[in-house]
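Make a model of this:
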Amino acid sequence: MKSMRLKSKLLQLLTLSFLSLSLLSLSAFAMSLQEAKSQGYLGEQTNGYLGLVQANPEAKAVMDDVNNKRRAHYETIAKKNKLSAADVAKLAGEKAIAATDKGNYVQDAKGKWIKK
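A predicted model of the protein is given here:
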């Protein structure tokens, strides 16, 4: 029961965190995260991080920035909840893939990029 509450709380934190990190990264680059995703340059990976679907220097800069912020945030959540950062990232990856808009890329379990 305690484990289920912790997982539920963690998923709520991840959802809020994911949305806030996505919004924070929009203004820093000529290409926004949403543009990079909708144009097919970036996609959500199962490991909780963005991946480069198609080479583009602006998209890669966005990806690197967002992934650095995600990594730091996952580590903070992991410490607070006495979990590994990898476990937090995996849960975040599941949430991010579920929240990905239709037509954008996600990575399947075999690591292949597919359009959602």
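
Please, where are all the strands along this structure?
Taking DSSP state E to define them, one finds strands in the chain at 42-44, 50-52, 105-107, 113-115.

In terms of secondary structure, what does the second one contact?
Translated: strand 50-52. On a contact count with 3 or more C-beta pairs under 8 Å, 6 or more residues apart in numbering; DSSP states H and E, strand 50-52 meets strand 42-44, helix 57-81. The C-beta positions use only the backbone N, C-alpha and C, and glycine is treated the same way.

do the same with the last one
Applying 3+ C-beta pairs under 8 Å, 6+ apart, one finds that strand 113-115 makes contact with strand 105-107.

and the strand it packs on, average pLDDT?
Strand 105-107 comes out with an average pLDDT of 98.

and what of stretch 72-84?
According to the model, stretch 72-84 has a mean pLDDT of 96.

Please save the CA atoms from it in CSV.
Output in CSV follows, covering the C-alpha atoms of stretch 72-84 (Å, rounded to 0.1, in the frame of the first residue of the first chain):
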residue,chain,number,x,y,z
ALA,A,72,19.2,17.0,-12.5
HIS,A,73,15.5,16.8,-11.7
TYR,A,74,15.4,13.0,-11.7
GLU,A,75,18.4,13.0,-9.3
THR,A,76,16.5,15.4,-6.9
ILE,A,77,13.3,13.3,-7.0
ALA,A,78,15.3,10.1,-6.5
LYS,A,79,17.1,11.5,-3.4
LYS,A,80,13.8,12.7,-1.9
ASN,A,81,12.1,9.4,-2.4
LYS,A,82,15.1,7.1,-1.7
LEU,A,83,15.0,5.7,-5.3
SER,A,84,17.6,5.4,-8.0
